[in-house]
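**Student:** Got a predicted structure here, sequence first:
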Protein chains: 2
Amino acid sequence: MYEVELKVRADHDRVRESVVAHGAERVSHVRQVDSYYDAPHREFAETDEALRIRLETDRSAGDGAPTTKLTYKGPLVEAESKSREEHETAVADAEAMAGVLSGLGFEPAATVEKERESFQLGEYTLMLDHVDGLGEFVEIEREVSGEAAIEAAREDAAALLRELGLDPAEQIRTSYLGLLLEADTVDGD
Amino acid sequence: MYEVELKVRADHDRVRESVVAHGAERVSHVRQVDSYYDAPHREFAETDEALRIRLETDRSAGDGAPTTKLTYKGPLVEAESKSREEHETAVADAEAMAGVLSGLGFEPAATVEKERESFQLGEYTLMLDHVDGLGEFVEIEREVSGEAAIEAAREDAAALLRELGLDPAEQIRTSYLGLLLEADTVDGD
């Protein structure tokens, strides 16, 4: 499976109307707190890997307990398709998971916190992300089974963004973590 | 919390009668398949750490799906009390967990498989372990809250073993993993 995704900055209040007008259904509203880790034996920034513990709280179900997921993302297998090795599992105890990583010498490096509203729009998932310290983004995403389908899916995604009044040419390829680290550097932190 | 434990080799058929005669209740019967990992940046054999994925199947509930746990054991904090830093959490997807470890450069080193029947005997847990390739063992264990209580608990555990017709002087301090690795070395593997 390959993931096709497009992300642009966008004011949510304006986009939300177009999204609803397109008949999209909101499927979830969550808060995600992502802790990214540094490795003791590799520079993840250089190897283009990531290790993350995500705490996710369902916003539509009152103040429930967060669920926890552990995710590893390997380097890009192909730059063109942006496909990566990715492994993810739910874990029962976030604190114990952090303890395992800490015991092994992994250290918390940065935290990305965001509100994410997800909508289903045909075969695409559209996400309204409000990232703490970065602002509002719209991300559109779908999975395709073969490499041959990537380019067409990419063009469809771009067309869909245009229909919603957004400009796919303003695509941001940097991850939220990357954007936050860049912002930190500019601030001199 | 400190864990006090004593382990000896023992024929289960003989011990089981004494255990039942002492009014112990069997609380579980499981099969545990433990995969121990090597680290890319440390020699766990030297640092006295361990990283393990355990698949546990409940034997008393038919052939259910196994549960999975990830466990990190740090080096002994104090040799005397055998206390360690330990972190453990259930994980939902064993294959994804193995994928995360593999992506990070950890490699499966050895597997320990055993049948474990656990009995409650007062404040102690008594385990009848049948370890593949090693044979039958009895382990007795309890947690105590303070270091001051360790010696007394140890003496009580020894007395209990004696009541069951076992000799605490035959205590084996090596882990099952260690015993299996020793056996491998003797076999020349």
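**Tutor:** Cool, the structure landed. Keep in mind the model is a prediction, meaning the values are calculated, not measured. Numbering: from 1, shown residues only, chains lettered A, B, ... in the order given.

**Student:** what does chain A have sitting close to chain B?
**Tutor:** Taking C-beta under 8 Å from any C-beta of the partner chain as the criterion, chain A approaches chain B at residues A:39-42, A:49, A:51, A:70-72, A:74, A:85, A:87-93, A:96-97, A:99-100, A:103-105. The C-beta positions use only the backbone N, C-alpha and C, and glycine is treated the same way.

**Student:** Which of the residues you listed are buried? Put it as a PyMOL command.
**Tutor:** This is the PyMOL syntax for the buried subset of the residues of chain A next to chain B, where burial follows 16 or more other C-beta atoms under 10 Å in any protein chain shown:
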select buried, chain A and resi 39+49+51+70+71+72+74+87+88+89+91+92+93+96+97+99+100+103+104
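
**Student:** longest single helix anywhere in chain A?
**Tutor:** Longest helix in chain A, counting residues (DSSP state H): helix A:150-163.

**Student:** about what we covered before: so which of the residues of chain A next to chain B belong to strands?
**Tutor:** Under the assignment DSSP state E, these contribute A:51, A:70-72, A:74, A:85, A:87-91 to strands.

**Student:** Looking at those residues, which has the smallest pLDDT value?
**Tutor:** Among these, A:E85 carries the weakest pLDDT, at 83.

**Student:** So that residue is in contact with A:G74, correct?
**Tutor:** Yes - contact criterion C-beta atoms under 8 Å: A:E85 and A:G74 qualify, at 3.4 Å.

**Student:** tell me, what's touching those two both at once?
**Tutor:** Residues touching both A:E85 and A:G74 (C-beta atoms under 8 Å, 6 or more residues apart in numbering or on different chains): B:G103.

**Student:** Name the nearest residue to the residue of chain A most remote from its centre, ignoring sequence neighbours.
**Tutor:** Within chain A, A:G103 marks the point farthest from the mean C-alpha position, 27.2 Å out by C-alpha atoms, centre = their mean. Using C-beta to C-beta, 6 or more residues apart in numbering or on different chains and skipping residues adjacent in sequence, the residue nearest A:G103 is B:Y72, 4.5 Å away.

**Student:** Look up how far A:P108 lies from that neighbour.
**Tutor:** 16 Å (C-beta to C-beta, to the nearest Å).

**Student:** quick one: buried residues of the least confident helix or strand in chain A by mean pLDDT?
**Tutor:** In chain A, the helix or strand scored least confidently by mean pLDDT, DSSP states H and E is helix A:176-187, which has a mean of 81. Within helix A:176-187, the residues that count as buried by 16+ other C-beta under 10 Å are A:176-177, A:179-181.

**Student:** What is the nearest of those residues to chain B?
**Tutor:** The nearest member of those to chain B, counting by C-beta to the nearest C-beta, is A:L177 at 17.4 Å.

**Student:** I'd say the closest one and A:E113 touch.
**Tutor:** No - A:L177 lies out of contact with A:E113 (C-beta under 8 Å); the separation is 11.3 Å.

**Student:** So for these two, which residues contact both of them?
**Tutor:** Residues touching both A:L177 and A:E113 by C-beta under 8 Å, 6+ apart: A:D34.

**Student:** for A:V15, phi and psi?
**Tutor:** Main-chain dihedrals, A:V15, degrees, to the nearest 10: phi -70, psi -40.

**Student:** Now do the contacts for it.
**Tutor:** Neighbours of A:V15 in contact, by C-beta under 8 Å, 6+ apart: A:128, A:138, A:164-166.

**Student:** Filter the residues you listed down to the buried ones, PyMOL style.
**Tutor:** Selection of buried members from those for PyMOL, criterion 16+ other C-beta under 10 Å:
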select buried, chain A and resi 128+138+164+166
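
**Student:** Mind putting the contacts of A:V15 into TSV with distance to B:S35, pLDDT and secondary structure?
**Tutor:** Below are the contacts of A:V15 laid out as TSV (distance: C-beta to C-beta, whole Å; pLDDT from 0 to 100; DSSP: H, G, I helix; E, B strand; the rest coil):
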residue	distance to B:S35	pLDDT	secondary structure
A:L128	41	97	strand
A:V138	42	96	strand
A:L164	48	92	coil
A:G165	52	92	coil
A:L166	47	94	coil
